[in-house]
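Enquirer: Quick check, what structure comes out for this input:
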Amino acid sequence: MKTLTDDELIAACLAGDALSWAALVERYQQMVYAIPRRYRLPPEEAADVFQGVWSDLYRGLAGLRRGASLRAWLVTATTRRCQLHKRRRERQAGQSIDSVAPQLADASPSALAVQEEAETHQAVREAIATLPPRCREMIRLLFFEDPPAPYAEVARRLGLAEGSIGFIRGRCLDKLRKALRP
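Expert: Numbers count the residues shown, from 1 in each chain. Next up is the predicted model:
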């Protein structure tokens, strides 16, 4: 099945295709949710930000001129909502933004840093999606499991010899590097 571009997904969403909306959310959900985590928002506030961003996008999708600007729009909208939640929490705690302890200010990332990190993570997710299934699964097991799966477990799940995992992992990482170059 052909993977639709952001432009194609947006057009299908505007035409009322619910499956395209689900595909759009699935494509960017990890990126959007990573930003509130980076701001260290509690899970319930992170969920509020996540839902609010998607609601805003749904209402404003017709105003989005190009699919190429979707990622930046999502990062900016999510960052703004996170900052709003942090300010609201500070006000509720009886603090002004100026009176926040320096370590709290240092813990709050800059919008540019959050945007760069979110875009990098999204690019890696998209590059991983282009890899062959065995490489995708190996990378998931070795790098995205917490804790990472031991080689014996990876070999068992993928039906490989344990001694071949390091070599195949290297080939998969080379493919990932090539996918990330453009």
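Enquirer: domains in the chain, as residue ranges please.
Expert: When the chain is parsed with automatic domain parsing, its domains come out as 6-129, 132-182.
Enquirer: from these, which stretch is densest packed?
Expert: domain 6-129 (a mean of 15; mean count of other Cβ atoms under 10 Å). To be clear about C-beta, it is placed using only N, CA and C from the backbone, and glycine gets the same treatment.
Enquirer: ok, back up a step: pipe the domains of the chain into TSV and attach mean pLDDT per row.
Expert: Putting the domains of the chain into TSV (pLDDT from 0 to 100) gives the following:
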stretch	mean pLDDT
domain 6-129	82
domain 132-182	88
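Enquirer: Please, where are all the helices along the protein?
Expert: Assigned helices in the chain, in chain order: 6-14, 18-38, 43-60, 70-92, 102-107, 111-129, 133-139, 151-158, 165-180 (criterion: DSSP state H).
Enquirer: packing partners for the third one?
Expert: Packing contacts for helix 43-60, counted by 3 or more Cβ pairs under 8 Å, 6 or more residues apart in numbering; DSSP states H and E, involve helix 18-38, helix 70-92.
Enquirer: dump the residue contacts of the residue nearest the centre of the chain.
Expert: Residue closest to the mean C-alpha point of the chain, counted by Cα atoms, centre = their mean, is Met31 at 1.8 Å. Met31 sits next to 71, 74-75, 118-119, 121-122, 125 when contact means Cβ atoms under 8 Å, 6 or more residues apart in numbering.
Enquirer: nearest to Ser164, of the residues you listed?
Expert: Arg125 (25.9 Å; Cβ to Cβ).
Enquirer: That closest one and Ala179, how far apart?
Expert: Using Cβ to Cβ, to the nearest Å, Arg125 is found at 11 Å from Ala179.
Enquirer: What of Ala127?
Expert: 4 Å.
Enquirer: before we move on, what about Arg65?
Expert: On the measure of Cβ to Cβ, Arg65 and Ala179 end up 28 Å apart.
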